[in-house]
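> Give me a model of this one.
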Amino acid sequence: MMRKYLTLLAVVPALVLGGCEIGTKVVEQNGPRGLAIEQIKHKATMRTAADVPPPPYELTPDMREGERASAAYENVQVLGDISVDEFNYTMAALTEWVAPADGTVENGGCNYCHNPANMASDEIYTKVVARRMLQMTRAINANWTPHFNNNYGQSNENAGVTCWTCHRGKPLPANSWSDTPPTPTQIKGNKRGQNTPLVQTAYASLPYDAFSAYLSGDGNIRVLGKSAYPNQHEASIVATETTYGLMMHMSQGLGVNCVFCHNSQNFGKWDDSRAQRVNAFTGIRMVRDINNNYISALGDVWPANRRGPAGDPLKVNCATCHNGINRPLGGVKMLKDYPSLKGVHSTAPPAPAASQPIPGISPEEGPADSGAQPGPIAANQAQAKPAA
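Residues are numbered from 1 along each chain as shown. Okay, here's the model as predicted:
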């Protein structure tokens, strides 16, 4: 009899707790069953894709013809190769994306970047920043297609980014980061760069600066990479903890768990990883390119209110574009209505073919073939379908 009651005591709480989960989660199968390669998402915390504003008006083919913007206007350094009509159309969209004139942004509208008495002037720093950001947007769309234009065998035409991808109607994107202030030299108050639970480290007492080395510096994750990625430093506890912090950020920033990219039976093995791991690898390099060559490169242009506590400008990470969704904005084809941002006019080198190196990545640092296909788990993965 006692054994019977003990069994009931064990079963009843399990049933109650299990019942609490009914209808609250979605399971997406990413690979063969039995390998624990699925995404488990709780409905209460699932992010939904933000709405994308419609174009300011229709851009017809004839509007793309005629006089170039650089000939009609003064000091047009980036979009001067498009027509006057397309230039005005793009400026109207950019205003809506970054500083709308609806009262939500102080001094919003054209005057956010321009002196209305002299539209050609560069006296307002936001115009200098906007110009550099337009260069960045074109460069991303031209040169980083290995990250965002890989639809695993299906056409992904017009994939890419616009200012809305990050800004979403605000001068500052919702997600950014900056360097941490130097740690004090005395014992009191010196946390040795850790023991400060933050969201980017999943609130663990890990090194809290997981971004400086990987998203702006030239550090590479080398905890296990012994096959496709040669191990270039001595594996250490500090390196492992910092890597974990970055991985937690990527997981939260994209709203996925570890097996979205990795094989749970061997996290370090590339052959059995999902194709998304290659995308993540190029994404880290793309973010580093943005931070180093476009944001930090502006130097003293940034005012104090656009800098972090260490004096460096606010920079981007994975969450800046993704905002908790594995495909930013739910995979909307952002460039369909804005051909001027595709990068076809960019002076940057063309995007590499699948067999060519990824921009800025040496053969020793990344896969010998940037179009390398993942192993059988990824090749045989089923289409992800929600399950009860």
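
> Run through the stretch 151-300 of the chain and note the low-pLDDT ranges.
151-155, 181-184, 189-193, 200-201, 222-236 (pLDDT under 70).

> neighbours around Lys188, how many?
5 (other C-beta atoms under 10 Å). No exception for glycine: its C-beta is placed from N, CA and C like everyone else's.

> same thing with Val256?
Val256, neighbours per other C-beta under 10 Å, totals 20.

> That one - that's part of a helix, no?
No. Val256 is assigned coil when assessed by DSSP: H, G, I helix; E, B strand; the rest coil, not a helix.

> Is it in contact with Asn326, as I believe?
Yes. Val256 lies in contact with Asn326 (C-beta atoms under 8 Å); the separation is 5.4 Å.

> gap between the two ends of stretch 292-309?
18 Å (C-alpha to C-alpha, to the nearest Å).

> got a list of contacts for that stretch?
125, 128-129, 132-133, 135-136, 139, 172, 177-181, 216, 312-316 (C-beta atoms under 8 Å, 6 or more residues apart in numbering).

> For that stretch, could you pull out the residues that count as buried?
Asn292, Tyr294, Ile295, Leu298, Trp302, Arg306 (16 or more other C-beta atoms under 10 Å).

> For the last one, give me phi and psi.
Per-residue torsions, Arg306: phi -110, psi 20 (degrees, to the nearest 10).

> the strands in this structure, which residues?
25-29, 38-42, 386-387 (DSSP state E).

> Spell out the residue ranges of the helices in the stretch 201-350 of the chain.
237-254, 276-290, 318-322 (DSSP state H, counting those that start in this stretch).

> Give the buried residues for stretch 76-94.
76, 78-79, 81-91, 93-94.

> same check, this time on stretch 273-293
273-292.

> where's Gln77 relative to Ser70, distance?
8 Å (C-beta to C-beta, to the nearest Å).

> Check Met119 too.
14 Å.

> So for the two, which sits in the more crowded spot?
A count of neighbours by other C-beta under 10 Å puts Ser70 above the other of Met119 and Ser70, at 17 against 14.

> ok, back up a step: pull out the buried residues from the contacts of stretch 292-309.
129, 132-133, 135-136, 139, 177-180, 216, 312-316.

> what's the least confident stretch among the strands of the chain?
Across the strands of the chain, strand 386-387 has the smallest mean pLDDT, namely a mean of 30.

> Spatially, what comes nearest to Ala92 if we skip its sequence neighbours?
Excluding its sequence neighbours, the residue lying closest to Ala92 (C-beta to C-beta, 6 or more residues apart in numbering) is Pro56, at 3.9 Å.

> correction: Cys318
Nearest residue to Cys318 in three dimensions, chain neighbours excluded: Gly253, at 3.9 Å (C-beta to C-beta, 6+ apart).

> go on, Leu172?
Leu314 (7.1 Å).

> Contacts only, for the one you found.
Leu172, Ser176, Trp177, Ser178, Ile295, Arg306, Arg307, Gly308.

> Then Lys336?
By C-beta under 8 Å, 6+ apart, the residues touching Lys336 are Asn158.

> any idea how far Met133 is from it?
In terms of C-beta to C-beta, Lys336 sits 20 Å off from Met133.

> repeat for Thr165
To Met133, Thr165 is 11 Å away according to C-beta to C-beta.
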